[in-house]
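Student: I'll drop the sequence and a predicted model, then ask my questions.
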Amino acid sequence: MRTHSVIARVTLLLGLAVGVVASHAHDLQYSVAAGQAVVVKLFYVDNTPFTFEGYEVYREGEKLPYQVGRTDSQGRVSFLPDRPGKWRIKAISEDGHGLDFTLTTDAAAHIEGSDKPVYERYGRIVVGIAVILGLFGFLNLYMRRKKA
Amino acid sequence: MHIPDGFIAPQMYLPLYGLAAGLWAYGARRVGRDLDEASLPWLASLTAASFALSFVALPLPGGTSAHVTGVGLLAVLFGPWHAFMAASMVFVIQALLFGDGGVTTLPLNALAMGFVGAISAYGVYRVTPERWRVIGVFLAGWIGLFLPALLIALALGAQPLIAHDAAGVPLYFPFGFAITLPALLIPHALLGIGEGALSVLGWRLVERLRVRYRND
């Protein structure tokens, strides 16, 4: 009878110990480390940041995203590449704005290149207007020649 | 509202390219036939203005922004085909030179904002009685922005239905109609008021200048 009582107590203690360990297995832990991230800022042509919109980051050739999330209050995407190479960034807002572009980083997360458009905002406007007027100029010449 | 590459599935953009190519070919013939040397500088100036206007983005509630297009004004002043071809020229330049709007999405941008925007604006302007011309121009500007927004919301919202993987995960644009329709229609219904007012201002200015230069 006494032996049974001891076995029951030991079993109870073991059960409690296992329960405590199991409950700790679900505790979320954290660690802090300094790292060099790639930070990409997304913004509209009037410099309004692309804030709190969804984005996905892909390693080259992979279909499963390396990282997903939302841009921060400054319209930034930041990620820590785990290897050098090309990274595709896809950002989409619910109203159809967005970007889908690729950049290249080395192992230390330094940007080596990106497929960013050549012209910046004001340069774009001037160049675009010049191209449009130039095309209409050619059209005018064509019309005169046809008339002649 | 210029949709970038990667948002529209090939099942949609390939047929749209075919449709747009046909309309561009017909539009080029119409413009070649109807455009004269007197109206060409006006069309050139307003096409350039339309291009510049697309860079003026107005911030809207919800953190997004939208811009006017000037397509309604072009349609009222020059007719729908001239407006469609001028707007298409702007979209091609933006896509190829500046990366604003994708190459794969070019036909959707051109058909929605250029063709449907111009046809609807011109139609509203034409059915408005002569004595209400100003209201007609305003409504042309509004509808020329709002209707394309509706089409683009439908095209974007359809992407999860027409292109998804075996697990049902969207391959291109991920949001459905329930999100795209309010996200696009509410801002553009408001912005349309600005586009309408701008169309009236532009229309009055051009009409005044045309009379002045005709008298000179």
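Tutor: Perfect, thanks for sending it. Residues are numbered from 1 along each chain as shown, chains lettered A, B, ... in the order given.

Student: ok so A:E56 is a strand residue?
Tutor: Yes: under DSSP: H, G, I helix; E, B strand; the rest coil, A:E56 sits within a strand.

Student: if I look at it, how far off is A:I92?
Tutor: From A:E56 across to A:I92, the span is 8 Å (CB to CB, to the nearest Å). Placement of C-beta: from N, CA and C, glycine included.

Student: for B:A44, which non-adjacent residue is closest in space?
Tutor: Using CB to CB, 6 or more residues apart in numbering or on different chains and skipping residues adjacent in sequence, the residue nearest B:A44 is A:F136, 3.5 Å away.

Student: which residues does the one you found contact?
Tutor: Shown in contact with A:F136 (CB atoms under 8 Å, 6 or more residues apart in numbering or on different chains): B:40-41, B:43-44, B:47.

Student: now, those residues that are in strands?
Tutor: With strands defined by DSSP state E, no entry of the contacts of A:F136 lies inside them.

Student: just the buried ones from those residues?
Tutor: Among these, the ones that count as buried by 16 or more other CB atoms under 10 Å in any protein chain shown are B:40, B:43-44, B:47.

Student: in helices, which of the residues you listed appear?
Tutor: Secondary structure from DSSP state H places B:40, B:43-44, B:47 of the buried ones among the contacts of A:F136 in helices.

Student: still on that earlier bit, which of A:E56 and A:I92 has more neighbours?
Tutor: Taking neighbours as other CB atoms under 10 Å in any protein chain shown, A:E56 and A:I92 compare with A:I92 leading, 22 against 18.

Student: from the contact counts, what lies against the strand or helix carrying B:Y13?
Tutor: Using DSSP states H and E, B:Y13 falls within helix B:10-34. Applying 3 or more CB pairs under 8 Å, 6 or more residues apart in numbering or on different chains; DSSP states H and E, we find helix B:10-34 packed against helix B:80-93, helix B:106-109, helix B:133-162.

Student: reformat those helices as a markdown table; add mean pLDDT, mean neighbour count and distance to B:L19.
Tutor: Shown next, in a markdown table, are these (pLDDT from 0 to 100; neighbours: other CB atoms under 10 Å in any protein chain shown; distance: least, CB to CB, whole Å):
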| stretch | mean pLDDT | mean neighbour count | distance to B:L19 |
| --- | --- | --- | --- |
| helix B:80-93 | 95 | 25 | 12 |
| helix B:106-109 | 93 | 26 | 7 |
| helix B:133-162 | 95 | 22 | 13 |
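
Student: returning to that earlier point: among the ones in helices among the buried ones among the contacts of A:F136, which one lies nearest to B:V31?
Tutor: Nearest to B:V31 among these: B:L43, at 8.8 Å, using CB to CB.

Student: show me what contacts the closest one?
Tutor: Per CB under 8 Å, 6+ apart, neighbours of B:L43: A:136, B:35, B:74, B:78, B:82, B:86.

Student: how close does it sit to B:L53?
Tutor: Relative to B:L53, and taking CB to CB, B:L43 is found at 15 Å.

Student: same check, this time on B:F175
Tutor: For B:F175, the distance to B:L53 - CB to CB - is 27 Å.

Student: who are the packing partners of the lengthiest helix in chain B?
Tutor: Secondary structure of chain B per DSSP H: the longest helix is helix B:177-215. The contact analysis (3+ CB pairs under 8 Å, 6+ apart) places helix B:177-215 against helix B:40-53, strand B:65-67, helix B:71-78, helix B:133-162.

Student: am I right that A:E112 falls within a strand?
Tutor: Yes: read with three-state DSSP, A:E112 is one of the residues of a strand.

Student: name the nearest residue to it, sequence neighbours excluded.
Tutor: A:T104 (4.4 Å).

Student: rewinding a little: out of the helices and strands packed on helix B:177-215, which is closest to B:G202?
Tutor: Judging the helices and strands packed on helix B:177-215 by CB to CB, what sits closest to B:G202 is helix B:71-78, at 4.6 Å.

Student: for the spatially most central residue of chain B, give its distance to A:F50.
Tutor: Centroid-nearest residue in chain B: B:M113, 2.3 Å away (criterion: CA atoms, centre = their mean). From B:M113 across to A:F50, the span is 21 Å (CB to CB).
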